[in-house]
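K.L.:
pasting the sequence and the predicted model now:
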Amino acid sequence: MADTEDVCAPASLAEPLRVPHKSLMGAGPSNAPPRVMHAGSLPLLGHMYPETFQVMDDIKDGLRYVFQTKNPVTLCLSCAGHGGMEAALANILEPGDTAVICKNSFWFDRASYMAERQGARVVAAEAPLGQPLSLEAAEEAVAKHRPRLLFLVHGDTSAGVQQPLEGFGAMCHKYGTLLVVDTVASLGGAPLYTDRWELDVVYSGSQKVFNAPPGLSPITFSPRAMKRVLSRKQPCSVYFYDILKVGEYWGCFDKPRSYHHTCPVTLFYALREALALVAEEGLTASWRRHQLAAQRLHDGLERLGLRLLVEKPEHRLATVTAVLVPDNVDWTAVTRTAMARHGTEISGGLGPTLGKVVRVGLMGVNATPRFVDRVLGVLEDAIRNPMPKSSL
Ligand code: PMP
């Protein structure tokens with residue numbers, strides 16, 4: 001019997017696991033409430049057990065509610081938001097297709113890389129930093145390029161912009177184009193109507209407004225999007241993201257469920273409870289609470305003499321606010337002071353906003369007057385009394 005080890009047990013693992021409490025008030029993830037964390041600690045079940053399927057069915061119901069859709073193909077992918085983005089693009093695009101992608105933020109680059117990996121040609125529909133894409137500019141690009149899809153980010157976390165979506169679906173459909181929408185940071189925290197606004201593929205993330213652990217990406221496909229999936233020349237290039245395969249596991253088609261992968265069942269419990277919390281509060285109440293919290297934050301920032309990147313109030317995303325860093329202030333000292341002195345995360349900029357802004361997130365349970373006032377105090381202190389670099 002082999003009784004020697006070539007690699008020893010690491011001493012680090014003999015130490016107890018220590019995880020501090022932090023206030024997650026950056027661009028995400030957000031804090032999870034006890035009910036959600038408790039659900040995630042319930043006993044493991046097998047991935048093909050009827051009890052697991054019941055949890056999955058509850059999640060499907062909850063997701064149809066938060067997406068405001070009747071789409072039968074509504075489920076949750078076992079991956080982060082990036083996986084939702086990749087799945088949305090990989091299921092719709094084939095080599096030679098054109099994808100028009102809104103270019104006003106960090107997310108253009110990500111979505112473009114992914115679309116190009118599917119063999120698609122990417123065309124940018126540009127809007128200035130801090131502004132959404134107008135319906136007119138979108139229509140100009142769609143009419144000219146007749147793309148397979150238009151990609152928009154509803155809640156742009158890099159600049160704090162909320163992209164209006166009303167009218168975009170109907171416009172796309174005039175040209176035979178599908179509308180793909182990223183709602184990773186906005187779903188549950190800003191009005192969104194998948195069916196009413198004719199959105200075709202919409203995906204999100206578990207860790208932002210829903211206050212669940214990261215690692216799940218809710219996604220929904222309209223009947224129009226499914227028609228496209230079924231008419232592909234080749235199957236989806238990534239087995240794991242193939243909506244026809246994963247949808248079968250989730251019981252979305254008139255077929256018995258079949259094994260696709262071993263699902264992260266404890267994450268499902270947590271998301272199920274997170275969705276139950278939204279259902280208890282009511283979706284419109286949640287949208288309103290996020291809007292009121294954001295308004296309180298914006299008013300408070302103004303009182304502190306700080307300016308927002310997004311000038312027009314109607315274009316501001318409620319869940320993530322990009323605050324312009326004053327000229328004489330070192331943004332790294334602000335975010336590090338907030339963390340070191342107050343145990344509070346405030347994010348720096350991302351992509352085109354790096355060095356220009358700090359980002360404050362108000363998501364789910366953190367979107368309350370108490371947390372707004374707290375984060376305003378943290379920001380004021382971090383700007384007025386930044387800790388010297390040596391002590392950070
Ligand atoms: N889209 C947007 C708008 C996001 O804010 C994020 C996360 N910051 C993502 C996609 C990617 O999500 P994840 O980090 O869970 O992969």
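P.N.:
Cool, got the structure.
K.L.:
ok, which stretches of this structure are helices?
P.N.:
34-39, 50-67, 81-92, 107-117, 135-145, 168-174, 223-230, 243-249, 265-281, 283-303, 331-342, 369-384 (DSSP state H).
K.L.:
so which bits of the last one are buried?
P.N.:
Looking back up the chat, that one is helix 369-384. Within helix 369-384, the residues that qualify as buried by neighbour count (16 or more other CB atoms under 10 Å) are 371-372, 374-376, 378-380, 382-383. To be clear about C-beta, it is placed using only N, CA and C from the backbone, and glycine gets the same treatment.
K.L.:
just checking, what packs against that helix?
P.N.:
For helix 369-384, the elements it packs on are strand 23-24, helix 283-303, helix 331-342, strand 344-345, strand 357-361, judged by 3 or more CB pairs under 8 Å, 6 or more residues apart in numbering; DSSP states H and E.
K.L.:
what sits against Pro20?
P.N.:
Contacts for Pro20 were tallied using CB atoms under 8 Å, 6 or more residues apart in numbering; they are Gly343.
K.L.:
cool, and Gly28?
P.N.:
157, 184-185, 205, 207-208, 320, 361, 363.
K.L.:
and for Phe106, nearest residue in space, chain neighbours not counted?
P.N.:
Gly351 (3.0 Å; CB to CB, 6 or more residues apart in numbering).
K.L.:
close enough to count as contact, the one you found and Ser105?
P.N.:
Yes: contact criterion CB atoms under 8 Å: Gly351 and Ser105 qualify, at 6.6 Å.
K.L.:
mutual contacts of those two, please.
P.N.:
Taking CB under 8 Å, 6+ apart as the contact rule, Gly351 and Ser105 both touch Ser158.
K.L.:
and the residue lying closest to Lys233 once chain neighbours are set aside, how many neighbours does it have?
P.N.:
Nearest residue to Lys233, sequence neighbours excluded (CB to CB, 6+ apart): Glu94, at 6.1 Å. When neighbours are defined as other CB atoms under 10 Å, Glu94 has 17 of them.
K.L.:
Ala27 and Leu192, how far apart?
P.N.:
The span separating Ala27 from Leu192 equals 18 Å under the rule CB to CB, to the nearest Å.
K.L.:
the two: which has the busier surroundings?
P.N.:
Taking other CB under 10 Å, Ala27 and Leu192 do not tie; Ala27 has more neighbours (27 against 24).
K.L.:
tell me the mean pLDDT over stretch 85-98?
P.N.:
Regarding stretch 85-98, the rounded mean pLDDT is 98.
K.L.:
buried ones in that stretch?
P.N.:
By 16+ other CB under 10 Å, the buried positions in stretch 85-98 come out as 85-94, 97-98.
K.L.:
now the buried residues of helix 369-384 as CSV including pLDDT and distance to Lys356?
P.N.:
What follows is these, written out as CSV (pLDDT from 0 to 100; distance: CB to CB, whole Å):
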residue, pLDDT, distance to Lys356
Phe371, 98, 24
Val372, 98, 22
Arg374, 98, 24
Val375, 98, 19
Leu376, 98, 20
Val378, 98, 20
Leu379, 97, 16
Glu380, 97, 20
Ala382, 97, 17
Ile383, 96, 15
